[in-house]
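A.B. asks: below: sequence and its predicted model.
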Amino acid sequence: MDHVLVILALAAFWVLFVCLSPTRECRSCGRHRGPCPRCKGTGRRFRLGARLAGKALLALRKAWEERP
Ligand SMILES: [Zn+2]
């Protein structure tokens, strides 16, 4: 069972990290003329799972607010 706990801890840590800084610099912009297709010209790219973590947190908050 220990590895499950480790994975859960890592997932929790990653969610926290991704929420603290959900985006990172895009390194492909320099290789493209005009708007870069990777970040759509914003220069920032979401980290792996950032949107998922955001959705999960929103769902958690909603569940928390709607609790009886
Ligand atoms: Zn870019």
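C.D. replies: Thanks, I have the structure now.
A.B. asks: quick one, what contacts the spatially most central residue of the chain?
C.D. replies: Against the mean C-alpha coordinate of the chain, by CA atoms, centre = their mean, the closest residue is residue 50 at 1.1 Å. Contacts here follow CB atoms under 8 Å, 6 or more residues apart in numbering; on that basis residue 50 touches 18, 22, 23. Using the backbone N, CA and C atoms, a C-beta is placed for each residue, glycine as well.
A.B. asks: packing partners for the longest helix along the chain?
C.D. replies: Using DSSP state H, we find that the single longest helix of the chain is helix 2-20. Applying 3 or more CB pairs under 8 Å, 6 or more residues apart in numbering; DSSP states H and E, we find helix 2-20 packed against helix 50-65.
A.B. asks: the helix it packs on - what's its average pLDDT?
C.D. replies: Mean pLDDT, helix 50-65: 88.
A.B. asks: between helix 2-20 and it, find me the angle.
C.D. replies: Calculated by axes from the mean of the first three to the mean of the last three CA atoms, to 10 degrees, helix 50-65 forms an angle of 90 degrees with helix 2-20.
A.B. asks: show me what counts as buried in helix 50-65.
C.D. replies: Neighbour counts over helix 50-65 (16 or more other CB atoms under 10 Å) mark 50, 53 as buried.
A.B. asks: which one of the contacts of residue 50 sits closest to residue 59?
C.D. replies: Using CB to CB, residue 18 comes nearest to residue 59 of the contacts of residue 50, at 15.1 Å.
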